[in-house]
Every structure is written in structure tokens, then in C-alpha cells.
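Colleague: here is my input, please return the structure:
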Amino acid sequence: MGQGFMKYIQRILSAKLEESIKHNRIIIILGSRQVGKTTLMKMLQDSFPKNCLQFYFNLEDIKQLDICQNIETLKSHLKNKGADIEKKQVFIAIDEFQYIKNATKLLKTIYDLYPLVKVVVSGSSSLEIQKHLKESLAGRKRVYALYSLSFEEYIRFRSEHLYLEYEKLKLIKDEMLLIEPNNKGYFKEYLTYGGYPKIALIKDRTEKIEELQDIYNSYIQKDIKSLLKGEHISAFNNLVKILASQIGNLVNTFELSNTLQIDRRQTSKYLDLLEETFIIKLLKPFHSNKRTEISKMPKLYFLDSGIVNYGIGNFSNIEERKNLGSYVENFIFNELIRYKPIFYNIYFWRTKAGTEIDFILEGNNEFIPIEVKWQNTKTPYIPKNFLSFFENHRNVKRAVVITKHHYAEIKEKGVLIYFIPAILFNKFVKKLSQNEK
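Modeller: Sure thing, here's the model as predicted:
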């Protein structure tokens, strides 16, 4: 997990973590390998006063794992280093904490008995970790998910100057001309190789692909093998390949089971593992009846497009692919989960007749339909599925159509419809948080 080569660049989570650690003694950062968890923890360390003793443990090192197995061995080690946690303020960062046999017991003990200790831990999420966190650390922790870079963060990693220009852009028509020449190349690159920080800093195409291979192989060797506990993982690998070719599609476990020649229980288990280790996300359908919502098939999205292309073994020109629209839809989903306020939920909408809207944002007593239309349109038009949704649902004040580079606003049936370029969509989502303050 170490990323010592990397310069510290602010992430979406940076400010939240710095604020949160002032009030909560246990911060837990979950995310897949190589998304920058270690770097975030070290940035937090640097934000503390120099007179605060600081310790970092990477539990993939067996010696450091032994130190953190229980409170006695940890206290003894810290005392030998001049840190008495009963008398002095201490900052402790623990990487890959899922290797501790009873991590929650250790964290609970530190929280309850040693109030001078600030603790930040990171982990590649698993079903077991999530279960223990809920049961044992209620009220004692803040859990944050760290994803690979958003497009905004990706631009910042590639060029601070361009990032500053991008930040100045507003959602107004006159500035749309600046988008295409400045960001088209980066957006194409982002959809092809994804947003893992290390990959963003590599310029050579072959090196990017090799790094993606290393990230995926490390994920299989270190996370999946230990979670499957001796099971043959070829079916798991085949599932990833199949799913990578189906982004934005409905997930049918029956069909997947037949294709993989494994039972549905095992297929469901593998899908759960992929979700809990931050590789995919299954999106539920929107229904007013929650019982029917649970029974319907979810839609599939990957949390990084580089893993999609590695899974299908295709790094050809993304703009020439027939399913480019699916990649853009996957991109919009990822921007939503990175930027949406915590009190908003994401769904998709699909009727029995097959009418569908890509995303429905629900929160703050409103529904916001979002549809991806990746076309060179200059004249805004209202998708028919919007009109159907407007007729059947109240509390729709605004809606969004995602475009290539066209911005417009029109009003229809009392609903303000925004036409927003994909790479500026995060600015719309950020405003949802600002409006609530």
C-alpha cells in the first residue's frame, strides 16, 4: 500500500477527515488497494502538531502486525518509543487493519480507556470487517469510503494549472467553449485507464496497463484468496470478466450462474465480495413500494473504468467503441457516489413496459431524474422518459440530461431541466450539499 513516491494532493475526503478527527477519536478509511488510503493517513499525520508523538504501522509487515495484535503489545511498543498513552497525546495510523484478529476489540479499548490517543485505520473492506464494525464500535467511529480519483481529482494529479482553470468554470453557457480543448484528452484517458492515483501519474500507456495488472493481481492474491479460503478462484475471475462487459446492465444471477456453471448461492457470494471490496456497485431500482424494490434486479457499475478495461482486455480507443455511452453512464454513477450529500440516495427507474431513467437522486424531499445522452446536440430536447416520470411522481423540481459539451436550461411542466456536460456534472452535485448549508 505504500505510496512514498507520491506528492500529497488534496482529495475529496481530505477536509472531511481533518475536521472529523478533531471530534472523533477513531477514523476508519475503507477502500480497494492503491486508491490512496496510506497517503491520506500520512496527510492527516502532517496536520497534527509536531509535539504530538506519531506512529505508523503497516500490518502487511508481520513484525508490525505482532505489535498491534492486542493492547498490551501495542502499549509496550509505544512506551519503549517514549510514548505513554495514558499521559501524552499520540497519533496512531494503522494500515490494513483487517489483518488483526480482533481489530474492533483493540480499537474499542483504545477509545474507552485512552482518550489522549487519536486513531486512524485503513482497510480493504470485507464482509467480516463490516460486520464487526457495526456490532462493536457503534458511536465510537466514523467510517469513510475512499474511491479511486474522481475526474476533478484526476485533472489535479495531472496538472495543477489545468485544475485551477477547471475549478473556475461555472455552469453557464458562455464558458462551455473552454471545456473541449482543455479536457477532452484527459477525459478519454480517464475512461480508458481509470483513476488509481499511481496510474494517473504515469504517462506511458504500457506502464499504465502493467500497473493495472499489478493492482488487480494484488487484489486477487491478497484479498480474494484469503476471503475465499481455499476455494478455486477461476470462477471468480471469470465473473469479473463477464461483468466488465456488462456495465450499466441489469444483473441476472440465474444467467450468470448458468454461464459460470456454479450455483446461484456462490454467484451471489462472489457479487457480495466484489461489492464489499470496492470493485463493483449494484444499484437498486426505484419503487414507491420498498418490498418490490428488493425483489427486482439491480444494475451493475464498476468503481473504476480501468478495471473494466483490464477485465475485458481492451485498451483500444474508447471513442470508437459501440458501448461508449455505457462508459459515460458508469462515469456519471461514480461522480454521484463521490460527491452526493449523505442524505441523498441513488436509484434507477424502470417500468414494466421498459421505460427507464438512468439515475434517480432521492433526498431533501425531492426526486432528481438524471439521463445520459452522449450526443453532439446543440438544441436541447426533453427525453420522453422524463415526461413519463414527471406525470407519475410529485416533488420533481429539477432534472438533468448529461451531454458531451452542451449546456442549457429549459423548463417543462414546472420542472427545470439542466443539460450539463459530463465532465462538469460534479459541479451540479456539489451544489446539492451547498444548498443544504
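Colleague: could you check the pLDDT of the closest residue to M297 other than its chain neighbours?
Modeller: Leaving aside its chain neighbours, M297 sits nearest to L250 (4.5 Å; criterion: CB to CB, 6 or more residues apart in numbering). Backbone N, C-alpha and C define where each C-beta goes, glycine included. For L250, the pLDDT comes out at 95.
Colleague: hmm, L250 is touching Y301, no?
Modeller: No: using CB atoms under 8 Å, L250 makes no contact with Y301, being 11.8 Å away.
Colleague: so what's the residue count around K378?
Modeller: 9 (other CB atoms under 10 Å).
Colleague: quick check: which element contains E335?
Modeller: helix 324-339 (DSSP states H and E).
Colleague: what's in contact with that helix?
Modeller: 12, 147, 150-151, 190-191, 247-249, 281, 283, 301-305, 308, 318, 321, 346, 358-359, 361, 370, 372, 374, 402, 422, 425-426, 429-430, 433 (CB atoms under 8 Å, 6 or more residues apart in numbering).
Colleague: of those residues, which belong to helices?
Modeller: Using DSSP state H, the subset of the contacts of helix 324-339 located in helices is F151, Y190, L191, S305, V308, F425, N426, V429, K430, S433.
Colleague: what about the first one, distance to I12?
Modeller: Read that as F151. Separation of F151 from I12 (CB to CB, to the nearest Å): 11 Å.
Colleague: got it, and the last one?
Modeller: Distance of S433 to I12, given as CB to CB: 11 Å.
Colleague: and if you look at the fourth one?
Modeller: Remark: distance between S305 and I12 (CB to CB) = 18 Å.
Colleague: now H161
Modeller: For H161, the distance to I12 - CB to CB - is 20 Å.
Colleague: wait, what's in contact with the residue nearest to A83 when sequence neighbours are not counted?
Modeller: Nearest residue to A83, sequence neighbours excluded (CB to CB, 6+ apart): L53, at 4.5 Å. Taking CB under 8 Å, 6+ apart, we find L53 in contact with K81, G82, A83, K88, Q89, V90, F91.
Colleague: adding distance to K340 and secondary structure, write the residues you listed out as TSV.
Modeller: Output for those, formatted as TSV (distance: CB to CB, whole Å; DSSP: H, G, I helix; E, B strand; the rest coil):
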residue	distance to K340	secondary structure
K81	42	coil
G82	44	coil
A83	40	coil
K88	40	coil
Q89	35	coil
V90	35	strand
F91	30	strand
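Colleague: I'd like those residues laid out as TSV, including pLDDT and neighbour count.
Modeller: Compiled in TSV, the contacts of L53 are given as follows (pLDDT from 0 to 100; neighbours: other CB atoms under 10 Å):
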residue	pLDDT	neighbour count
K81	93	10
G82	92	8
A83	92	21
K88	87	14
Q89	89	16
V90	93	21
F91	93	21
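Colleague: which one of those is nearest to L274?
Modeller: Set against L274, the nearest of the contacts of L53 by CB to CB is F91 (33.5 Å).
Colleague: so who does the residue lying closest to the closest one once chain neighbours are set aside touch?
Modeller: Residue nearest to F91 in three dimensions, not counting chain neighbours: Q54, with 4.5 Å by CB to CB, 6+ apart. Q54 is in contact with Q45, F48, V90, F91, I92, A93, counting by CB under 8 Å, 6+ apart.
Colleague: where's Q54, which helix or strand?
Modeller: In the assignment (DSSP H and E), Q54 maps to strand 53-58.
Colleague: give me the helices and strands touching whichever helix or strand comes after that strand, please.
Modeller: Per DSSP H and E, strand 53-58 leads on to helix 62-67 as the next helix or strand towards the C-terminus. In terms of contacts (3 or more CB pairs under 8 Å, 6 or more residues apart in numbering; DSSP states H and E), helix 62-67 is packed against strand 53-58, helix 71-80.
Colleague: ok, which of these comes nearest T109?
Modeller: helix 71-80 (4.8 Å).
Colleague: now do the closest one: which elements does it pack against?
Modeller: helix 62-67, helix 103-113.
Colleague: could you give the angle of that helix to strand 53-58?
Modeller: On the basis of axes from the mean of the first three to the mean of the last three CA atoms, to 10 degrees, helix 71-80 is oriented at 130 degrees to strand 53-58.
Colleague: tell me the mean pLDDT for helix 71-80?
Modeller: So the average pLDDT for helix 71-80 ends up being 95.
Colleague: quick revisit: and the residue nearest to A83, what's its pLDDT?
Modeller: Looking at L53, its pLDDT reads 92.
Colleague: show me what it is bridged to.
Modeller: V90 (DSSP bridges).
Colleague: ok, it to S245 distance?
Modeller: Distance, L53 to S245, by CB to CB: 51 Å.
Colleague: next one: I233
Modeller: 19 Å.
Colleague: on that earlier part again, can you lay out the helices and strands packed on helix 62-67 as a markdown table showing distance to R33?
Modeller: A markdown table is the format used below for the helices and strands packed on helix 62-67 (distance: least, CB to CB, whole Å):
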| stretch | distance to R33 |
| --- | --- |
| strand 53-58 | 13 |
| helix 71-80 | 25 |
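Colleague: of all the ones you listed, which one is nearest R156?
Modeller: R156 sits nearest to strand 53-58 of all the helices and strands packed on helix 62-67, at 24.8 Å, using CB to CB.
Colleague: can you show me the CA trace of the closest one as PDB?
Modeller: What follows is strand 53-58, C-alpha atoms only, in PDB (Å, rounded to 0.1, in the frame of the first residue of the first chain):
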ATOM      1  CA  LEU A  53       4.000  11.700  19.000                       C
ATOM      2  CA  GLN A  54       3.100   9.900  15.800                       C
ATOM      3  CA  PHE A  55       3.300   6.200  14.800                       C
ATOM      4  CA  TYR A  56       2.500   4.400  11.600                       C
ATOM      5  CA  PHE A  57       2.000   0.600  11.300                       C
ATOM      6  CA  ASN A  58       1.600  -1.300   8.100                       C
END
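Colleague: any idea how many residues pack against S268?
Modeller: By other CB under 10 Å, neighbour count at S268 equals 13.
Colleague: also A103?
Modeller: Neighbour count of A103, defined by other CB under 10 Å: 24.
Colleague: picking that back up, which of I233 and S245 has more neighbours?
Modeller: Ranked by neighbour count (other CB under 10 Å), I233 and S245 place I233 first, with 16 against 13.
Colleague: highest average neighbour count across the helices and strands packed on helix 71-80?
Modeller: helix 103-113 (a mean of 18; mean count of other CB atoms under 10 Å).
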